[in-house]
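**Q** Need a 3D model of the following:
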Amino acid sequence: MKKEKLLENFIDKFSRPADIHGRDEYLNSAVLVPVIFDKDTPCLVFEKRNAQIRQGGEICFPGGIFDIHKDKGIEDTAIRETIEELGISRDKIGIIGRLDTQISISGIIVEAFVAVLDIDSVVGLPVAKSEVDKVFSVPLNFFVENEPDEYFVDMKISTRDGTKDALPIEELGISEIYKTNWGRKSKVYVYRVCDEVIWGITARFVRDFVSRIK
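**A** This is a model prediction of the structure:
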């Protein structure tokens, strides 16, 4: 194949937008970051998870795992889950943009879509009680005026010596330092509001949202 043809082929292969490497090795999920205007005051809407489900009792945005049978794309995931969890109709959800993608330490890619909900209040929403304990809103100004608390956790990686799929450090001639746990410190953001704690990925999305409008 001639040089010109090879270059043309390369350009075609590498012209697509960059994505997350190894995306298929992670669970893909999406959340909606809902904004409402309560008496003209912009507010963020949060859920408290039902105590009986995974990560029960935690504060989050509506969302869930991408379903290839139900969702045409990852944005559909955020919308579908919001409809199911908050009990609102599709015509009440207006997507206006998105925040930066996050990858959780448990191996889940989380995409976030910002949307304005065409409702005046979260009071009386027919939420899915099997998943949602309660829904509440917080004036956006609270997050603008209050920086989150910052903490650190140690993230460790292990080569899992002794297991069938362990990385064979000695056989590959890899440095001995990788035989023991290694990793880094990870920053955790925490907001305390409405007698609740907003932390982890949800707090990071809040912080990203606020940083863009400040």
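**Q** the strands in the chain, which residues?
**A** Under the criterion DSSP state E, the chain carries strands at the ranges 27-38, 41-49, 59-60, 63-65, 93-98, 102-103, 108-117, 132-139, 149-157, 182-193, 196-199.
**Q** contacting residues for the closest residue to Leu86 other than its chain neighbours?
**A** Residue nearest to Leu86 in three dimensions, not counting chain neighbours: Leu125, with 5.4 Å by C-beta to C-beta, 6 or more residues apart in numbering. (Each C-beta comes from the backbone N, C-alpha and C, glycine too.) Counting by C-beta atoms under 8 Å, 6 or more residues apart in numbering, Leu125 makes contact with 86-88, 119, 135.
**Q** Distance from the chain centre to the lowest-mean-pLDDT helix or strand in the chain, please.
**A** Least confident helix or strand, the chain: helix 169-172 with a mean of 85, by mean pLDDT, DSSP states H and E. Relative to its chain's centre, helix 169-172 lies at 36 Å (C-alpha atoms, centre = their mean, to the nearest Å).
**Q** Just want to check the distance between the most centrally placed residue in the chain and Phe10.
**A** Centroid-nearest residue in the chain: Val110, 3.3 Å away (criterion: C-alpha atoms, centre = their mean). For Val110, the distance to Phe10 (C-beta to C-beta, to the nearest Å) stands at 32 Å.
**Q** For this structure, give me the ranges with low pLDDT.
**A** 1, 160-163 (pLDDT under 70).
**Q** can we see that at 80?
**A** Applying pLDDT under 80 to the chain picks out residues 1, 51, 53-56, 157-166, 177-183.
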